[in-house]
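# Have a look; sequence and predicted model below, questions after that.
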Amino acid sequence: MHLVVCIKQVPDSAQIRVHPVTNTIMRQGVPTIINPHDLAALEEALKLCDTYGGEVTVVTMGPKMAEDALRKALTFGAHRAVLLTDRHFAGSDTLATSFALAQAIAEIGETFGTPDVVFTGKQTIDGDTAQVGPGIAKRLDLQQLTYVAKILSIDAASREITVERRAEGGSQILRTGLPCLVTMLDGADAIRRGRLDDALRAARTKVVKWSAADAGIAEPANCGLRGSPTVVKRVFAPTSREQKARQIDTTNKPLREIADGLIAAIFADQPALKHDLGFPGSTGQ
Amino acid sequence: MSTENREASSQPSGRAAMKKELPKQFQDYRNVWVFIELEHGQVHPVSIELLGEGRKLADKLGVHLAGVVIGPPGGQGTANAIADAFSYGADLSYLVESPLLAHYRNEPFTKALTDLVLANKPEILLLGATTLGRDLAGSVATTLKTGLTADCTELNVDSDGSLAATRPTFGGSLLCTIYTLKCRPQMATVRPNVMATPQRVNRPTGSIIRHDLKMLEEEIATKVLAFFSDCDSTIANLAYADVVVAGGLGLGAVQNLQLLKDLARTLGGDFGCSRPLVQKGWMPFDRQIGQTGNTIRPKLYIAAGISGAVQHRVGVEGSDLIVAINTDPNAPIFDFAHLGVVADAISFLPALTEVFTKRLEPRNLEKFVQ
């Protein structure tokens, strides 16, 4: 089985700070990580590989430094890594990104064997759009299974996959034919600890680097800024409210007294809450 | 996946100053559409919120608002959806009915919505940022090769009539306003609970335009084998709870989550957490509150040991009353909370639960006496 996993190197958004004056992201010193949802996808692909045999190819589109993310994926046990990097990709929105990645995945199929399942994380933690996975599926004409919590089974003979998908108000059990595209929810399983032999193999593995032309993109007009129908007109920090929180007095007071003060303040601010919460003395208010 | 995601760039793009130069083939795109999502025969609340927002956009543009309903024939689902569309402001409705649309599947829904767009040419198409809406919007936008802005928190119409869609980026640390130039329709998804629910308007009926789904079951590769409803499980219902109690890293240890549950139960509410706790594996993703998790709008929100990163703020600022408990008086959460307590959540939560419980007791006694 050939499993292709799309990953993205993202800034660790928990550590991002916004410059107080210029309202721009302060990137300096912010560590990069593999998008956590993509790690869930990688783990799922590696598990399928454990069960059915085969190979896992990881692919990313990004600047040269994104090779670090691919190297990390190799140490977890991925067999091959492809870095799609070209200045033509700069400024891609989700539509342009899905175009470039779909082209690269098609080229991976030609070069290393047709993928049975293409994985992505359900979304990235910096863009948060959840649009690139469905975009790739549509461009490659693959069935898409989004928000997958679990792969229940793959029938190699009939080439069918059954998954549990998170839906509004419940879970769907879906079955479709291979090849398909799966976007994984995280939280299913943590990424495995890389084994020593994987680390050794990763050290010997050369990351495949492709330009737009290498990925078979003859006309870069569909990539980057030119291929992006959306335009960012303004970036700004959320306005902070004028007033800060009214602080409950805590000086030299036992906790229960502080709690009393807080509850009184809550009901003073929102008298209707007393009724909503069913507290005594709320009738007639 | 792309590191070069421009939505996450810190600088506005150089093209931003460009005037709208819509190619000829897109110039006859008119009207605002809202996709009315049906969840097991019920209209999803986000669709009502979107009708309110869509009405405002349509009025500014001087065009019609349409509700798009896609579902199985017979039953009350699609009929109710159309009735809701009209009573919340739609001038007309598009309807695609087929037994193939009984359960959500990407393929037939994408075909139905794409065909409708190509035949009727809306200039704006809005969907809820639900699992269904995001799945569908991504496919439809890619098929139509048009722009799609995800998870908007604000929609507006520019002076030249373009849709200005504002959304959080970088996990909510920044907001950006995005335009779709040179392509139509302009598509956006909006999260549930972000826009206010509009008043019903006195517009009981309107014209209904029916379309056929030109598809056969044999052409659809994906089959729905089963559906398990959350009603039977303990899964979080944060989006609709009146009271939400949430914890962050300040809770220190996984066993302290019980303190949240105790207070939430006392107040008849639900509990959740900030993203770091989900990343630690202390709580499942469906209890995460913030930009990448649940957006909440409770009457009372109590944040315990949460520092209040902007991505968290985006998910909670619609709450009527925000109470923050944190040991750090400079924590950003105090910038947007209404009431603050500088205290250690681990010791303060039990005291708060105790005092709340005491004040509830007389009511229970009254019930007992009656």
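Alright, I've got the coordinates.
# Okay, now the unreliable bits of the stretch 201-350 of chain B?
By pLDDT under 70, the low-scoring segments of the stretch 201-350 of chain B are B:203, B:230-236.
# excluding its backbone neighbours, what's nearest the residue of the stretch 101-250 of chain B found nearest chain A?
Nearest residue of the stretch 101-250 of chain B to chain A (Cβ to the nearest Cβ) works out as B:Gly138 at 2.9 Å. C-beta coordinates here come from the backbone N, C-alpha and C atoms, glycine included. Excluding its sequence neighbours, the residue lying closest to B:Gly138 (Cβ to Cβ, 6 or more residues apart in numbering or on different chains) is A:Pro134, at 2.9 Å.
# what about the helix or strand hosting the one you found, distance to the chain center?
Assigned by DSSP states H and E, A:Pro134 falls within helix A:132-140. A distance of 15 Å separates the centroid of the chain from that of helix A:132-140, by Cα atoms, centre = their mean, to the nearest Å.
# quick one: contacts of that helix?
A:6, A:94-95, A:97-99, A:101-102, A:105-106, A:118, A:120-122, A:124, A:142-144, A:146, A:180-181, A:183, B:1-2, B:106, B:110, B:134-135, B:137-139, B:141-143 (Cβ atoms under 8 Å, 6 or more residues apart in numbering or on different chains).
# Following the chain onward from that helix, which element is next?
Taking DSSP H and E, what comes next after helix A:132-140 is strand A:143-155.
# can you pull the buried residues of that next one?
Across strand A:143-155, burial judged by 16 or more other Cβ atoms under 10 Å in any protein chain shown covers A:143-151, A:154.
# mind listing what it pairs with, with the direction of each?
Strand A:143-155 has its sheet partners listed here by DSSP bridges as strand A:160-167 (antiparallel), strand A:180-184 (parallel).
# Which neighbouring elements make contact with the helix or strand containing A:Lys72?
A:Lys72 is part of helix A:67-76 when elements are defined by DSSP H and E. Judged by 3 or more Cβ pairs under 8 Å, 6 or more residues apart in numbering or on different chains; DSSP states H and E, helix A:67-76 is in contact with strand A:32-34, helix A:36-52, strand A:55-61, strand A:80-84, helix A:196-204.
# What helices and strands are in contact with the next helix or strand after the fourth one?
Pointing back at strand A:80-84 there. Following strand A:80-84 in sequence order, the next helix or strand is helix A:94-112 (DSSP H and E). Contact partners of helix A:94-112 among helices and strands, from 3+ Cβ pairs under 8 Å, 6+ apart: strand A:2-6, strand A:55-61, strand A:80-84, helix A:132-140, helix B:131-144, strand B:148-152.
# What is the neighbour count of the residue nearest to A:Val59 when sequence neighbours are not counted?
For A:Val59, ignoring the flanking residues on the chain, the nearest one in space by Cβ to Cβ, 6+ apart is A:Val82 at 4.4 Å. If you count neighbours by other Cβ atoms under 10 Å in any protein chain shown, A:Val82 ends up with 24.
# What of B:Leu174?
B:Leu174: 22 neighbours (other Cβ under 10 Å).
# Do I have it right that it meets A:Arg234?
No: contact criterion Cβ atoms under 8 Å: B:Leu174 and A:Arg234 do not qualify, at 10.2 Å.
# Let me know how buried B:Pro329 is, in neighbour terms.
By other Cβ under 10 Å, neighbour count at B:Pro329 equals 10.
# Ramachandran angles for it?
Dihedral pair for B:Pro329: phi -60, psi -20, per degrees, to the nearest 10.
# now swap in A:Phe267 and tell me
Torsion angles, degrees, to the nearest 10, at A:Phe267: phi -70, psi -20.
# For the residue lying closest to it once chain neighbours are set aside, give its distance to B:Arg265.
Computed as Cβ to Cβ, 6+ apart, the closest residue to A:Phe267 that is not its neighbour in sequence is A:Lys274, at 5.2 Å. Distance, A:Lys274 to B:Arg265, by Cβ to Cβ, to the nearest Å: 18 Å.
# Looking at the two, which one has more neighbours?
Shown here are A:Lys274 and B:Arg265; by other Cβ under 10 Å, A:Lys274 has more neighbours (18 against 14).
# Is it correct that that one is in contact with A:Ala268?
No: A:Lys274 is beyond contact range of A:Ala268, at 10.2 Å (criterion: Cβ under 8 Å).
# quick one, domains of chain B?
Split into domains by the TED database, chain B comes to B:22-217, B:236-366.
# what about the first one, how long is it end to end?
Going back to what we said before, that points to domain B:22-217. 38 Å (Cα to Cα, to the nearest Å).
# is it true that A:Thr85 touches A:Met65?
No: with contact defined as Cβ under 8 Å, A:Thr85 does not reach A:Met65; the gap is 9.5 Å.
# Looking at these two, which has the bigger crowd around it?
A:Thr85 (22 against 12).
# If we ignore the residues flanking it in sequence, what's nearest the more buried one?
That would be A:Lys64: by Cβ to Cβ, 6+ apart, it lies 5.8 Å from A:Thr85.
# Just to be sure, the residue nearest to A:Phe267 is in a helix?
Yes: applying DSSP: H, G, I helix; E, B strand; the rest coil, one finds A:Lys274 inside a helix.
# any chance you could map the helices in chain B?
B:45-61, B:77-87, B:106-120, B:131-144, B:257-266, B:275-279, B:310-316, B:333-336, B:345-369 (DSSP state H).
# Now do the contacts for the closest residue to A:Ala45 other than its chain neighbours.
Spatial nearest neighbour of A:Ala45, excluding adjacent residues (Cβ to Cβ, 6+ apart): A:Leu3 at 4.0 Å. For A:Leu3, the contact set (Cβ under 8 Å, 6+ apart) comprises A:45, A:48-49, A:54-57, A:115-119.
# Tabulate the residues you listed (TSV), appending pLDDT and distance to A:Lys138.
Shown next, in TSV, are these (pLDDT from 0 to 100; distance: Cβ to Cβ, whole Å):
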residue	pLDDT	distance to A:Lys138
A:Ala45	96	21
A:Leu48	95	23
A:Cys49	95	26
A:Gly54	95	25
A:Glu55	97	25
A:Val56	98	23
A:Thr57	98	21
A:Pro115	97	16
A:Asp116	97	19
A:Val117	98	16
A:Val118	98	12
A:Phe119	98	16
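# Now, of these, which are buried?
Looks like those have A:45, A:48-49, A:55-57, A:115-119 buried, using 16+ other Cβ under 10 Å.
# Could you point out which of these is nearest to B:Gln291?
Distance to B:Gln291 across these (Cβ to Cβ) is lowest for A:Phe119, with 23.4 Å.
# who does the closest one bridge with?
Going by DSSP bridges, A:Phe119 forms beta bridges with A:Val5, A:Val182.
# I'd say it and A:Val5 touch.
Yes: between A:Phe119 and A:Val5 there is a contact under Cβ under 8 Å: 4.5 Å.
# Need the overlap of contacts for the two.
A:41-42, A:45.
# So which of the residues you listed is the closest to chain B?
A:Ala41 (10.1 Å).
# doesn't A:Leu185 make contact with the closest one?
No: the criterion here is Cβ under 8 Å, and A:Ala41 misses it with A:Leu185 at 9.4 Å.
# And these two? Which one has more around it.
Set A:Ala41 next to A:Leu185 and count neighbours by other Cβ under 10 Å: A:Ala41 wins out with 30 against 24.
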